[in-house]
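Visitor: quick one: sequence plus predicted model below, questions after.
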Amino acid sequence: MNRKKRSRSACDERCPCGSQRPYADCCGLFLEGAAQPPDAAALMRSRYTAYVIGRCGYLLASWHASTRPLQSDLDLAPSARWLGLEIRRHVATGPATAIVEFLARYRLAGRAGCQHEVSRFVREDGRWYYVDGDFPAAGE
């Protein structure tokens, strides 16, 4: 019997956020609008995934209105290849605020790089938003 190989769909692929779960059961739920991230760390993972797959609309929608850039200002660096995300810490700083420290590794123009950020998040009307972040100096 000649069976055609079934190609794996994007839904079967592991989520880019590093959770080891299928995209559809992880960040895909948030990016496709089926659910809201339950905490700031989940929002951070979904935003990383949005960068990986080029979902500018999701990034803007999950960015707090007080700091959200114009769409034309958002650079997804199409030549960057995102290699992995490491969440270093997730701390609730208040009843509706949190910080997430992360490292995001990438390759750009053949050179490896790493974005280290301590991001601030706020929850409004039951929904988490990215506000802004600080970039610790190397070695911090």
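Guide: Looks like it arrived, so ask away.
Visitor: only C-alpha atoms from now on, for both contacts and neighbour counts.
Guide: Noted.
Visitor: check which element follows the strand or helix carrying His90 along the chain.
Guide: Following DSSP states H and E, one finds His90 within strand 81-94. Read in the C-terminal direction, the helix or strand following strand 81-94 is strand 97-108, with elements assigned using DSSP H and E.
Visitor: check which helices and strands that following strand sits against.
Guide: Strand 97-108 is packed against helix 40-53, strand 81-94, strand 111-124, with contacts defined by 3 or more C-alpha pairs under 8 Å, 6 or more residues apart in numbering; DSSP states H and E.
Visitor: list the buried ones in the first one?
Guide: Judged by neighbour count (16 or more other C-alpha atoms under 10 Å), helix 40-53 contains these buried residues: 40-52.
Visitor: just the mean pLDDT for the helix or strand that comes right after that helix, thanks.
Guide: From helix 40-53 onward toward the C-terminus, using DSSP H and E, the following helix or strand is helix 56-61. Confidence over helix 56-61, taken as the mean pLDDT, stands at 93.
Visitor: for helix 56-61, buried residues please.
Guide: Result for helix 56-61 [16+ other C-alpha under 10 Å]: buried residues Tyr58, Leu59, Leu60.
Visitor: quick one: the first one and Tyr48 touch, right?
Guide: No: Tyr58 is beyond contact range of Tyr48, at 10.6 Å (criterion: C-alpha atoms under 8 Å).
Visitor: for the protein, what are the low-confidence residue spans?
Guide: 1-12, 72, 75-78, 139-140 (pLDDT under 70).
Visitor: in a helix, Ala24, correct?
Guide: Yes: when the secondary structure is assigned by DSSP: H, G, I helix; E, B strand; the rest coil, Ala24 falls within a helix.
Visitor: one step back: redo the buried residues of helix 40-53 as JSON lines? Include distance to Ser119.
Guide: As requested, these are arranged in JSON lines below (distance: C-alpha to C-alpha, whole Å):
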{"residue": "Ala40", "distance to Ser119": "9"}
{"residue": "Ala41", "distance to Ser119": "10"}
{"residue": "Ala42", "distance to Ser119": "13"}
{"residue": "Leu43", "distance to Ser119": "11"}
{"residue": "Met44", "distance to Ser119": "9"}
{"residue": "Arg45", "distance to Ser119": "12"}
{"residue": "Ser46", "distance to Ser119": "14"}
{"residue": "Arg47", "distance to Ser119": "12"}
{"residue": "Tyr48", "distance to Ser119": "12"}
{"residue": "Thr49", "distance to Ser119": "16"}
{"residue": "Ala50", "distance to Ser119": "16"}
{"residue": "Tyr51", "distance to Ser119": "15"}
{"residue": "Val52", "distance to Ser119": "18"}
